[in-house]
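**Q** just need the structure, nothing else, for what follows:
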Amino acid sequence: MLLIITSGFVGWQGKTIYDKLETGVTKQSDSEVSHESWGDFYTYSPEATTETFGTKNMLTGVAVIEPGKQIHPPHQHSAEEFLFIVDGEGTWSIEGKEFKAQKGDMMYAEPWDWHGITNTGDTPLTFFVVKWDNKGVELPKRKE
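**A** Numbering: from 1, shown residues only. The predicted model follows:
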């Protein structure tokens, strides 16, 4: 079985349609919340349809991870990504190494670098994420 996943919405003329972000404020009450087995995710700009002048597939959001949980195991992707811990503590996983994660920490992951975070604390871990693909930039080769 072959599964093909695309980013963006293909309109009636076969063109990808993106929402270009404009200067402004998005309230949490206007974000889309999803309730998952690991906690909640508030999407402020959806990855599949958001672009800026220099980015495409931009995701911004806030994750609230329950104690003992993770969104997913360490992973890699073509996008660049920042995670900023707003509250709580846990364990970062970066390129196979683990170390303490705490309020005020910020992680940056280059394309194809393995990364992840697990809530190893006793209270919810909240982080803000910005993830994007660049327009017109050649990506490095995928790491194995």
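
**Q** separation between the nearest residue to Ala109 once chain neighbours are set aside and Lys135?
**A** Closest residue in space to Ala109, ignoring its immediate chain neighbours: His115 at 4.2 Å, by Cβ to Cβ, 6 or more residues apart in numbering. (Glycine included, C-beta is placed from N, CA and C.) Computed as Cβ to Cβ, to the nearest Å, the His115 to Lys135 distance reads 23 Å.

**Q** so these two - more neighbours on which side?
**A** More crowded of His115 and Lys135, by other Cβ atoms under 10 Å: His115, with 18 against 12.

**Q** who's in contact with that one?
**A** Counting by Cβ atoms under 8 Å, 6 or more residues apart in numbering, His115 touches Pro74, His75, Gln76, Glu81, Trp92, Ser93, Ile94, Glu95, Met107, Ala109.

**Q** report pLDDT for the second one.
**A** Per-residue confidence at His75 stands at 97 (pLDDT).
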